[in-house]
Structures are given as structure tokens and as C-alpha cells.
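1. generate coordinates for the sequence data below:
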Amino acid sequence: MRLLRLDTGRLIELARKELTQTLRDPRALRVIFMAPIIQLIVFGYAVTTDVKNTSVILFDRDHTTLSRELAQTLGASGYFRIAETAQRAGDLADALDHGRAILALEIPRGFQSDLASGQPASVQLLLDGTTSNTATVAQAYASQIVLRFGQQHSPLVRTMAEGKAPGVDLRVRAWYNPNLESRVYNVPGVVGNLMMLMSLLLTTLAVVRERELGTLEQLMVSPLTPAEMIVGKTLPVVGIAMVDLCLITAVATLWFHIPLRGTLALLFLASLAYVVCGLGIGLLISTVSDTTQEAFMTMFMFFLPAMILSGFFFPVENMPVAFQYLTLINPVRYYVEAVRAIFLKGAGIDVLWPQIGALAVMGGGILWFASTRFRKTSV
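-> Numbers count the residues shown, from 1 in each chain. Below is the predicted model:
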């Protein structure tokens, strides 16, 4: 029962001491308030699967009006730029080998005549598969442009469009992210990873720093109970994390123009449960770390796998079944799902209660387990 006993006065004084000690350190201020914004901006621009101005080498064997028009259409799309023109077939492989182009387009002889006569006209696309994500997206865009070009210039398709033959009218609309911009999808995921990183950093280093300076023993012989020590050290981190959330959300909405369709109250509720998970993990790491270097190593041993298994980079559904089960104990996964749904879909508590409930249960369990390892003992 001693672990659960709290004295409000002692708790406030310890929390005030922790907050003052953190905020008076210029290096800590840069880490707390500047680093998340810089990281969000860097990740928002750098982490993208969009294809723009992809370099293309063109080998036009036909040298006709339609072959030149196809090349111009590809370049005018904004997704590709004709970086080089090949004179022989070997130039294509050479450009791909040396990285001068990511995509090679070969238009064979007879392209215009085949297209004008209604015969299938062949075009070859070669892609540098070393960057598989870019190659996959570039292939989809290039294939769509070439197919649409063929439909526009085929007499058979024009005849069908005039109603002389039945056709299929396919109309596609993307919900929540109409332009399919990767930034709109990625930035909310970055918010989840930054919140976990800040919670881990502040909690872990606060305890390890006390141990390195020798002041942890002074706290142990003070009248503070274990519960007061834990709450007093974690409460300021919760406040700082919520301030960081406000800053990150402001940058996401005002700088990157990410839509916030849900409510701020639900975002703060999910974030509070998530921060508790981060505090518990950070406190647990601090109990097994004697130095700052050891704490950093242990922290990133958790953080990097948690980020990879969160669904931020790769959909959980595409992972092997064993790893899909492993993601069920990863709090980052639940928060990334919740944040994306709040930002992009405007989801409410009726939709997100499984994610928020899982975060609350995991946070309470981790914090309790970490607290039992952090019991104060007599010196």
C-alpha cells in the first residue's frame, strides 16, 4: 500500500523540480521543442513514394509524329522527364546501369502505322528495380499514360466512344486522400513516431541522469514514496508531450496542409494513452540502464523495430503472419492507426475505441510493471 500512497505537496514539488531542471537546460529545450518540428518537416518532405520528374531515356525507332507525341505526353505529365535520347539499344542498359535513368522507353518501328490501322502497337518499358517502390509507382504511371495515349489514337477505341460499340465507363474516386499524395498518408504516421521518441527520451534520460549524478540516492532517502517518485518524474513528461503534440499538429495542418477532420479532444485522448505507454517503456528501460549510453542503446533497440512494425512504412497486412501477431503488442501500431483515422477520416470514438482501449490497457500494464521494478529501497 505504501507504493500507492501519494502526498500532493511532495508530488507537486518533485514535479516542479523535474520540470525546472528540464527547461533550464538549453540542450534539452532544443531536443524537446525544436527537434520534433525539424524532424517532422524533414520526414514530411523526404519520406515520400510520389513519383515526380523521374528520369527517362528514350529510344525512338519509329521517328514519326505519334512516337514524338507519345514522348512529349510522357514528359508533360510531370511524373517523368526525358533525360537522354538513345541512339542504339545498348544505350538503354548503359543508362540504367549507371543510374542516369530510372525508366527506359523504347518505341519500335511501325508504331504509328500499327496504331493507325487498329493493330496492337507494342512499346517496351524497362525499369531500374533497385529502388523497388519508385519503380513500381513509375511503372503504374507510365503504363497508364501509354495506355491512355493508345486509346486516344486508336480508331477502334474512337469508334466505341462514338457509341458504335459497347464499352465500359470506369470512374475512379479516392476517398480521404483524393490526390493520393504520400505526404498526407505519411505525416500523421510521423506524429506517432515522434511522440514515442520524445516520451522515451525524456523519461529514460531523466532517471538515468539522476543515477549518473548520484542524486537518485538522495531521492531514495527522502520522505518520497515510490509512487510519488514515479508520478512526480512522469507527470512533467506528460505535459511536455502534450505541448509537443500541439506544435506537431500545428505544423502538420498549417505547413503541410494535412486535413484534421476529427476532433482535437479525441486526438488528445488517444495521445494521452499513448504517452503513458511511452512513459512506462522509458521507465522500464531506465531500470536496466546505468549510463546514458546504455539507455540510448536500449531505447533504440526498442524504437526502431517498433517503428518498422507500426505500419508506418509498410502495411501490417503485407507482413508475414508471425510479424502481424507481433504487432499486436506494439503500441505504435495502434496510435498510428488512430492518428491517421482522426486526421484523414474524421473517425470518432465509436470507430477508434479498440485502438484507444488497447493503448490504455497496454499503458497501464507497462507502467505498473515498470513501477514495481522502480520501487524505492533504503540506502
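
2. so what's the model's average confidence on the helix or strand where residue 300 lies?
-> Using DSSP states H and E, residue 300 sits within helix 292-308. Computed over helix 292-308, the mean pLDDT rounds to 87.

3. any buried residues in it, and which?
-> Using 16 or more other CB atoms under 10 Å as the test for burial, helix 292-308 gives 295, 296, 298, 299, 302, 303, 306, 307, 308. In this view, the C-beta of every residue, glycine as well, is placed from N, C-alpha and C.

4. the third one: what's its closest spatial neighbour, skipping adjacent residues?
-> Meaning residue 298. Using CB to CB, 6 or more residues apart in numbering and skipping the chain neighbours, the partner closest in space to residue 298 is residue 285 (4.9 Å).

5. same thing with the last one?
-> If the residues on either side of it in the chain are set aside, residue 308 comes closest to residue 314, at 7.6 Å by CB to CB, 6+ apart.

6. the one you found: what secondary structure?
-> Using DSSP: H, G, I helix; E, B strand; the rest coil, the structure places residue 314 in coil.

7. how many other residues sit next to it?
-> Neighbourhood size, residue 314 [other CB atoms under 10 Å]: 13.

8. for residue 143, same thing?
-> Residue 143 has 12 neighbouring residues, counting by other CB under 10 Å.

9. quick check: which element contains the residue nearest to residue 298?
-> With DSSP H and E as the criterion, residue 285 is inside helix 264-287.

10. using PDB, write out every CA atom in that helix.
-> Below are the C-alpha coordinates for helix 264-287, written out as PDB (Å, rounded to 0.1, in the frame of the first residue of the first chain):
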ATOM      1  CA  LEU A 264      -8.900  17.600 -31.100                       C
ATOM      2  CA  ALA A 265     -10.400  16.100 -27.900                       C
ATOM      3  CA  LEU A 266     -10.200  12.600 -29.400                       C
ATOM      4  CA  LEU A 267      -6.700  13.200 -30.600                       C
ATOM      5  CA  PHE A 268      -5.600  14.300 -27.100                       C
ATOM      6  CA  LEU A 269      -7.300  11.300 -25.500                       C
ATOM      7  CA  ALA A 270      -5.500   8.800 -27.800                       C
ATOM      8  CA  SER A 271      -2.200  10.700 -27.400                       C
ATOM      9  CA  LEU A 272      -2.600  10.600 -23.600                       C
ATOM     10  CA  ALA A 273      -3.000   6.800 -23.600                       C
ATOM     11  CA  TYR A 274      -0.100   6.500 -26.000                       C
ATOM     12  CA  VAL A 275       2.200   8.800 -23.900                       C
ATOM     13  CA  VAL A 276       1.500   6.600 -20.900                       C
ATOM     14  CA  CYS A 277       2.800   3.600 -22.900                       C
ATOM     15  CA  GLY A 278       5.900   5.600 -23.800                       C
ATOM     16  CA  LEU A 279       6.400   6.600 -20.200                       C
ATOM     17  CA  GLY A 280       6.100   3.000 -19.000                       C
ATOM     18  CA  ILE A 281       8.600   1.800 -21.600                       C
ATOM     19  CA  GLY A 282      11.000   4.600 -20.800                       C
ATOM     20  CA  LEU A 283      10.800   3.900 -17.100                       C
ATOM     21  CA  LEU A 284      11.400   0.200 -17.700                       C
ATOM     22  CA  ILE A 285      14.500   1.000 -19.800                       C
ATOM     23  CA  SER A 286      15.800   3.300 -17.100                       C
ATOM     24  CA  THR A 287      15.600   0.400 -14.600                       C
END
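
11. in it, what's buried?
-> Quick answer for helix 264-287 (16+ other CB under 10 Å): 266-267, 269-287.

12. could you do stretch 130-138 as well?
-> 134, 135, 137, 138.

13. output the contacting helices and strands for the longest helix belonging to the chain.
-> Criterion DSSP state H: the longest helix present in the chain is helix 182-213. If contacts are counted by 3 or more CB pairs under 8 Å, 6 or more residues apart in numbering; DSSP states H and E, helix 182-213 sits against helix 8-23, helix 35-46, helix 216-220, helix 226-250, helix 264-287, helix 292-308, helix 331-340.

14. got the buried residues for it?
-> Neighbour-count burial for helix 182-213 flags 183-211 (criterion: 16+ other CB under 10 Å).

15. and for stretch 350-360?
-> Buried residues in stretch 350-360 (16+ other CB under 10 Å): 352, 355, 356, 358, 359, 360.

16. possible to save the residues you listed as a markdown table with distance to residue 260, secondary structure and pLDDT?
-> Converted to a markdown table, those look like this (distance: CB to CB, whole Å; DSSP: H, G, I helix; E, B strand; the rest coil; pLDDT from 0 to 100):
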| residue | distance to residue 260 | secondary structure | pLDDT |
| --- | --- | --- | --- |
| 352 | 15 | helix | 93 |
| 355 | 17 | helix | 94 |
| 356 | 17 | helix | 95 |
| 358 | 23 | helix | 95 |
| 359 | 20 | helix | 95 |
| 360 | 22 | helix | 94 |
